[in-house]
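sequence and predicted structure below; questions after.
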Amino acid sequence: MFKINPTILVAIMLSIGVETSFVRSIILNGIVVLISGIYLLMQRPNFKLIGLMILISIPLAFGTWWSFIAFGTGDTHHLALVYASRLYAYLFLGAAVTLTVPVKELLFSLNQHAKISNTFTYGLLAAFNLVPRVRRQVQIIRYAGALRGVTYHLWQPQIYFKAILSALHWSDDLAIAMTSHGFSEGFPRTQTVKDILPKWQWGIPVVLAILYLVIAIVYKPW
């Protein structure tokens, strides 16, 4: 199965994403969605998650489309389709990274190949590892409130304020845990897992970015 290194995927996402923001082309947006979707399907992700992602994006795309139809100037129908399709281009570009690569693998790849600092890498990794604990803490806060006859809804800021206070108490435990595992800020660190990145893959984002730019400037697709 063909698989692109996570660092290269991020480079593709950033380069094509920046170019997409300046090019008003429905066809190019569709091509980005098509290629990203094909790569996504090749990696056999969670199809329920993809379906949920598309379902949630429908009202957002419709709102974007309708805002240009109702309040735009000039060729409103074309602009409405451009920005609605651009939303899906960004969505599938991001999904090609986030739904095909585990967070740990992505962070370690960026740490080794994009030279992201160890502090940033392991800090983010610790934050992601705390997500299940944060969810449990939110449930505990809601249960504790229910025992007092107080109902906390997910849209109320009080529940998140209490969760943040609880998370502050975890910071010392987290710092002790990282130190006990040999992490020292500002010092070199050996890698137990070597992320392999073939040199030829560095050409993929360059070629795709140039190809996108040439098509946008020379052919100016609709």
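On my side now, so go ahead. Numbers count the residues shown, from 1 in each chain.

hey, which helix or strand in this protein has the poorest pLDDT?
Within the chain, no helix or strand scores below helix 157-180, which has a mean of 77 by mean pLDDT, DSSP states H and E.

how is this structure divided into domains?
6-109+193-219, 118-180 (automatic domain parsing).

most packed of the ones you listed?
Highest mean neighbour count of the domains of the chain: domain 6-109+193-219, a mean of 16 (counted as mean count of other C-beta atoms under 10 Å). (C-beta placed from N, C-alpha, C; glycine too.)

give me the distance between the two termini of that domain.
Domain 6-109+193-219 has an end-to-end distance of 31 Å (C-alpha to C-alpha, to the nearest Å).

confidence-wise, which of the domains of the chain is weakest overall?
Among the domains of the chain, domain 118-180 carries the lowest mean pLDDT, at a mean of 81.

which stretches in the protein count as helices?
Taking DSSP state H, the helices of the chain run over residues 6-22, 26-42, 47-71, 76-98, 103-113, 118-129, 131-147, 157-180, 203-214.

could the ones you listed go into TSV alongside distance to residue 190?
Below are the helices of the chain laid out as TSV (distance: least, C-beta to C-beta, whole Å):
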stretch	distance to residue 190
helix 6-22	19
helix 26-42	33
helix 47-71	35
helix 76-98	27
helix 103-113	12
helix 118-129	11
helix 131-147	27
helix 157-180	15
helix 203-214	29
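
which of those helices sits closest to residue 193?
Residue 193 sits nearest to helix 103-113 of all these, at 6.3 Å, using C-beta to C-beta.

touching that closest one from outside, list them.
Under the contact criterion C-beta atoms under 8 Å, 6 or more residues apart in numbering, helix 103-113 has outside partners 5-7, 10, 97, 101, 116-118, 121, 124-125, 128, 191, 193-195, 197.

make it 6 Å
For helix 103-113, the surrounding residues in contact (C-beta atoms under 6 Å, 6 or more residues apart in numbering) are 6, 7, 116, 121, 124, 125, 128, 195, 197.

residues contacting the first one?
With C-beta under 6 Å, 6+ apart as the criterion, the residues that contact residue 6 are 101, 105, 106, 109.
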